[in-house]
Structures are given as C-alpha cells and as structure tokens.
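1. return atomic coordinates for the entry below.
(chains A, B, C and D)
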There are 2 protein chains.
Amino acid sequence: MDRIDKKLLTLLQQDASRTNADLAAEVGLSPSSCLRRIRRLNAAGVIERVVAVLNPAKAGRSVKAIITVELERHGEQYVRRFLDMAAKEPAVTQAYSVSGATDALLMLRLKDMEELDALTERLFREESNVARYYTTFVIRTGKDTTEIPI
Amino acid sequence: MDRIDKKLLTLLQQDASRTNADLAAEVGLSPSSCLRRIRRLNAAGVIERVVAVLNPAKAGRSVKAIITVELERHGEQYVRRFLDMAAKEPAVTQAYSVSGATDALLMLRLKDMEELDALTERLFREESNVARYYTTFVIRTGKDTTEIPI
DNA sequence: TCGTCGCATGCAATTTTATTGCACAAACTC
DNA sequence: GAGTTTGTGCAATAAAATTGCATGCGACGA
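-> Okay, the predicted model is just below:
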C-alpha cells in the first residue's frame, strides 16, 4: 500500500467509472501496471465492491430519517436479533448497535410518511423487545459520502 | 422508468462492475439496448455516480462514531455554517441537520481515538457555536449499504 | 561487493467489451 | 389511419481491458 495505491483508492472512491488508461495516466503508470494494482486491491478485499449510487430524490426516496432505539432486554443476542430484523427492511440503509443511552440506531430512506408508519409498525410491535424509540428527520444534508480517507 | 430500468438500477446498486452483456442477459435485453438504458439513467441523473466501496478495516478506518450536536444559536445560517465546517473534515462521512432535540448529526470514520480527539478539538472549539455534543460509538454493524429500494 | 531472487514495470499483441449505424417494430399523437 | 416518436436487435466498428514477455530495480545473503 504505497502512495500510488492510496491515490488509486481515492480516485476510485470518487469515480470508479473511469477507464484504466485514464487512471493510469493520472497516477503516472502504464495501463497494464495500473490494472494489476487495482486487481490486487480487489483481490485483497481493500476494494469491497463497485456500486452505482443513485440520486435519492430521482429514485423516489427523498425522506431520510434516523431512529434511535432503546431495547427492553439489552443482552447481546437481543440486540443482534433486533439488528437482523431491521437489516431485512429494504428502507433501512444502516443499522448499528451503539454505545451510550440507546441500544441501536437506524438510518432510513423513505418514500413518504406512510412508509415510515408501516415500518415502525413492523419493527416496534409489542413482542419486538423495543422499550422506546425516537424518530428524527434529516432536514439538510451537508455531506453524504462513501469515501473513506486513506 | 419501467420494470427493466428498476431491475437494472437494483443490479447496478449491488454490483456496477458487471459487463453490459451480462446485465443485458439478466434483464432480457440485447447489449446495445441495455447500454442505452444505462446511459439514459446516467444522463437523467438517476445514477449519480459509480464508486468503489472500500473495506473500512483494510483501509485503516475501523472505528465508526456518531456525534449528535446541539448548537448555541439555532438559526439556519448557523446550522449551515456548522454543517459546512463538518463537511470539510475527511473523517466525517455524513453530516445532517436534523429535527428534534439536537441540531445536527455527524457520522465519522476514524482511524483511532486520537483522531476523534483532534477532530472534536477542531469542530467544537469555543467559538464554534456548539452548546453540547454527544458521542456514541458503533459497536456492531447490522447493515450498511448505499442501496436504495426502487 | 557482487550475484541472485522476487517483484513491479512497460510494451505490444490479443481478447474482451463498449459503442454506433441502421433497419424494423411498437406505441403514441393528431 | 398516417405520421412521429421511442425503443429494439443485429452486425460492424471502436475502445478498453487483459496477457505474455522482457527488462529493471531493490532486497538479501554469500
């Protein structure tokens, strides 16, 4: 993982649709050499996947909401069960168990409020071990990226 | 945006490194037709970008933290100013202003605790208009995806 | 210090993939 | 129902990725 690898990772995190020759020129390598580096990064699992990122509004998911959850029973297996259940929901994009006052945090991508209603209905029913939950809405997005500094 | 477009978007959100011919076969189109659809989705901005997603641990960023922030002055321009400042931090992957008891929420990708220390030092200095902030750590990740259901 | 080994590199040939022109068919408009 | 728009598949072409091979550089041990 030298300087060139890091540069490649930065560039690919910003735009993975560029041609290999283009990237090669930018990092100062030949296309073949550049390609071999990228393949190595792929094989090593540093690059986990290459994905298309959609415009949420144009994909009909403009509402972003965050739910913090306090469970009834806090044991590890209960937390895990809740996370598994939450992860199955397509509208849930992130599901974490967290330290602090609450047990879990969910990030949601919603079409409308009805969808939120239906979702909370499913996740927070009587038997679901949830003591309390707090819903907050994202008003403005200052930043939302998948890019990790290397 | 018919059934085929949606299927393409779903597939590309999961893996955008597949060949066009491969995708075309899966959705039941010819390569040329499939390519034109994808290009149309790109041009329309439905597909915002194509990016490489890294393995955080292998990229040396294993700590994920969430900071909720309460500002001193809550006016829109103050919130915006804070978000802009937060967005400039490479370790901040998501920065939102939110409804509810707090004003903003940040999602962080950190190398270690020192980095958190330095970051909070920068973001929450005396003059920064932050009244209070609460840091929580992600213990377990049940789900973390960029995929939006169509 | 010199020789050797391992590894990354660039070039050029090859293979694979993306792209385009074209003719045709379906849907939609007037 | 004629004309227009829009999408489609096929085949040719262009572009890109991939591979084999020879070279060069640095690390390591004799």
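2. for residue A:48, helix, strand, or coil?
-> strand (DSSP: H, G, I helix; E, B strand; the rest coil).
3. how about the contacts made by the residue nearest to it when sequence neighbours are not counted?
-> In space, and not counting its chain neighbours, residue A:48 is closest to residue B:55: 4.6 Å by Cβ to Cβ, 6 or more residues apart in numbering or on different chains. Just so you know, the C-beta spots here come from the backbone N, C-alpha and C atoms, and that holds for glycine as well. Residues in contact with residue B:55, defined by Cβ atoms under 8 Å, 6 or more residues apart in numbering or on different chains, are A:45, A:46, A:47, A:48.
4. mind checking pLDDT for the residue of chain A most remote from its centre?
-> Going by Cα atoms, centre = their mean, the residue of chain A most distant from its centre is residue A:30, 33.4 Å out. Model confidence at residue A:30, given as pLDDT, is 96.
5. that one touches residue A:24, doesn't it?
-> Yes. Checked against Cβ atoms under 8 Å, the pair residue A:30 and residue A:24 is within contact range at 6.1 Å.
6. select the longest strand from chain A.
-> If you go by DSSP state E, chain A has its longest strand at strand A:130-144.
7. is that strand up against chain B anywhere?
-> Yes. Contact of strand A:130-144 with chain B (Cβ under 8 Å from any Cβ of the partner chain) involves A:134, A:136, A:137, A:138, A:139, A:140, A:141, A:142, A:143, A:144.
8. among those residues, which are in reach of DNA strand D?
-> Near DNA strand D, judged by Cβ under 7 Å from any atom of the strand, there are no entries from those.
9. circling back: dump the residue contacts of the residue farthest from the centre of chain A.
-> Contacts of residue A:30 (Cβ under 8 Å, 6+ apart): residue A:24.
10. of all the residues of strand A:130-144 next to chain B, which comes closest to DNA strand C?
-> residue A:144 (27.2 Å; Cβ to the nearest atom of the strand).
11. against DNA strand D, how distant is the nearest residue in space to that closest one that is not next to it in sequence?
-> Leaving aside its chain neighbours, residue A:144 sits nearest to residue B:94 (5.1 Å; criterion: Cβ to Cβ, 6+ apart). According to Cβ to the nearest atom of the strand, to the nearest Å, residue B:94 and DNA strand D sit 30 Å apart.
12. before we move on, what about residue A:79?
-> Residue A:79 is 41 Å from DNA strand D, where distance means Cβ to the nearest atom of the strand.
13. which helix or which strand is home to the closest residue to that residue other than its chain neighbours?
-> Once flanking residues are discounted, residue A:79 sits nearest to residue A:97: 4.8 Å by Cβ to Cβ, 6+ apart. Using DSSP states H and E, residue A:97 falls within strand A:92-98.
14. residues contacting residue A:103?
-> A:69, A:70, A:71, A:74, A:79, A:82, A:97.
15. look up the residues forming beta bridges with the last one.
-> By that I understand residue A:97. residue A:104, residue B:140 (DSSP bridges).
16. coming back round to it: what's the strand holding residue A:97 packed up against?
-> Packed against strand A:92-98 by the contact rule (3 or more Cβ pairs under 8 Å, 6 or more residues apart in numbering or on different chains; DSSP states H and E) you find helix A:76-87, strand A:104-110, strand B:63-71, strand B:130-144.
17. give me the mean pLDDT for that strand.
-> pLDDT averaged over strand A:92-98 gives 98.
18. tell me, how many residues neighbour residue A:52?
-> When neighbours are defined as other Cβ atoms under 10 Å in any protein chain shown, residue A:52 has 26 of them.
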